[in-house]
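Enquirer: Need a 3D model of the following:
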Amino acid sequence: MHTRAIALITCLMAQPALAQSTVDIQVDQARAIAAHAVRAGDVQLAQEIARQLLAQDPDDRTALLILAATATQSENPTEGRTAGARAWRLSQTAPQKYEAARLTALAAAKEERFTLSTLWLRRALTVAPNDAEYAQTLADARIIKRRNPWSTHFGFSVVPSDNVNGGAEGTTLTAPGNPTGTLSDDARALSGIRASFSLRTRYRLHENKTSRTTVGLKYSGARVRLTDDIDIPDDAFDTNAAELSLRYDRALPHGNFGLNASVGVSDYREATTGDQDVEFQKYDILRFGLSYQTPLSDRSKVALAARTEQLSYLEEAIGEVQRNTLSMSYIHALSSGDSWHASISATDSVGDSVNYTSNTMTIQGGYNWKDPIGPVTISVGAGYTRTDYPDYRLLYPVTGGRTDDTLFYNINVGFPDATYAGFTPGLSLNRSLSESNVSRYTRDSMSVGITLKSVF
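Expert: Residues are numbered from 1 along each chain as shown. Below is the predicted model of the structure:
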């Protein structure tokens, strides 16, 4: 019976005039036969019927779904992916869109286009019909993410701040061993809005059970819009940074070991009050790092890291800076699912300029609540940094050198109920208070921004 029906459909496709009087019945039968073939695993038969249906009506959604549903068993998954995408556009209801998006994601995964597959799974999350389907799609997205050799993260924020330039609180410049002076407008704290964008993408070159090699590219940039009435151009605070890195990780009998090397460039601007000309400045970056992480128990782990970097400034007065950093961190998970962490780091910098020669110590910690508190998730962090510049100078050497003490804290709030397409919005509050014996570096800055975080 199936053979005769298919033959009849083939005949109808070849004779449009005859098809006009019988197409409704025959098309419905063809769809039923194709659907049965899919369930029976007869991919070739299902696809042939679907193609003939589409030859008569390119917008036959059922036929498009049949091609998408059989894409994972087909030698041409691209056909199924494009059919699934068209079925999405033709879908009228959320359940229809969900069905089309998931089938298109599976077809893209069959093509090993995992990033595209993830995008379609994000679309499916927006129209999931119930919690169970949402959870299943989220689990599938995490599997696809692990399979994807590409890993890409981006961030964007528009943050109002009372100190977008890291300026001083007061107007007077004081420092031991130097005459008292007046700070220029651009050296004082300026209010404004800071927009920043970051993009990190990484490609897995090699991976097996014990090791992995990746290459990565990172870019970050910031733009400022001043709200203070001051004669300094906004682009005086533009910054850009780009970095290319190579990383190797290896699993050891106890813990994981990593190597990282990178090269990059960072540029910034310099301007003075009343001067609309902005001078371009930059420095080249060369970094090399080692890291080791090992579990101490089922709930805790410790990480050690060492990094050396060389910064080569375009401005000859600065020259080169060699910086070495050692750090240690500890993470502990509680039985409730909450976690806390603490870390300490020490950095030694030696520069051609005495003003870039310093020693820095930072201690910080934080706490993360796993479960929402009411409608929000919360994590907090705080820390203290001391930096000593033993030979710092202004007009004359600063007696005893320059010392900066900084307290900082941050609060991050997420809104899981507002999650859309796998992204959860949030708010971040960051504040730092610095005291220095060189008044230019005594400052208080606070910013509040909007964040967007992926749940997978």
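Enquirer: Work out for me the element the residue most central in space within the chain sits within.
Expert: Geometric centre of the chain, nearest residue: His153, 2.5 Å, by Cα atoms, centre = their mean. His153 is part of strand 150-161 when elements are defined by DSSP states H and E.
Enquirer: do Ala37 as well
Expert: Applying DSSP H and E as the criterion places Ala37 in helix 16-40.
Enquirer: What are the buried residues along whichever helix or strand comes after that helix?
Expert: Using DSSP H and E, the helix or strand that directly follows helix 16-40 along the chain is helix 43-56. Within helix 43-56, the residues that count as buried by 16 or more other Cβ atoms under 10 Å are 43, 45-54, 56. The C-beta positions use only the backbone N, C-alpha and C, and glycine is treated the same way.
Enquirer: For the closest residue to Gly351 other than its chain neighbours, give me its contacts.
Expert: Counting by Cβ to Cβ, 6 or more residues apart in numbering, Gly351 lies nearest to Val321, which is 4.0 Å off, once chain neighbours are set aside. When the contact criterion is Cβ atoms under 8 Å, 6 or more residues apart in numbering, the partners of Val321 are 310-311, 313, 349-353, 356.
Enquirer: Go again with 6 Å.
Expert: Contacts for Val321 were tallied using Cβ atoms under 6 Å, 6 or more residues apart in numbering; they are 311, 349, 351, 356.
Enquirer: Secondary structure added to those residues, as a markdown table?
Expert: Output for the contacts of Val321, formatted as a markdown table (DSSP: H, G, I helix; E, B strand; the rest coil):
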| residue | secondary structure |
| --- | --- |
| Leu311 | strand |
| Ser349 | strand |
| Gly351 | strand |
| Tyr356 | helix |
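Enquirer: Quick one: buried ones out of those?
Expert: Those of the contacts of Val321 that meet the buried threshold are 311, 349, 351, 356, by 16+ other Cβ under 10 Å.
Enquirer: Can you spell out which residues form a bridge with Val302?
Expert: Counting by DSSP bridges, Val302 is bridged to Thr294, Tyr330.
Enquirer: That one contacts Tyr330, doesn't it?
Expert: Yes. Here Val302 lies in contact with Tyr330, judged by Cβ atoms under 6 Å, at a distance of 5.2 Å.
Enquirer: Look up the closest residue to Arg202, ignoring the ones flanking it.
Expert: Among residues not flanking Arg202 along the chain, Gly216 sits closest, at 4.0 Å (Cβ to Cβ, 6+ apart).
Enquirer: Surely that neighbour and Arg204 touch.
Expert: No. The pair Gly216 / Arg204 is not scored as a contact, 10.0 Å apart, by Cβ under 6 Å.
Enquirer: Now for these two: what residues contact both?
Expert: Joint contacts of Gly216 and Arg204 (Cβ under 6 Å, 6+ apart) do not exist.
Enquirer: How is the residue nearest to Gly351 assigned, secondary-structure-wise?
Expert: Taking three-state DSSP, the label given to Val321 is strand.
Enquirer: got it, and the one 5 residues further on?
Expert: Going by three-state DSSP, the secondary structure assigned to Leu326 is strand.
Enquirer: for Ser297, same thing?
Expert: Following three-state DSSP, the label given to Ser297 is coil.
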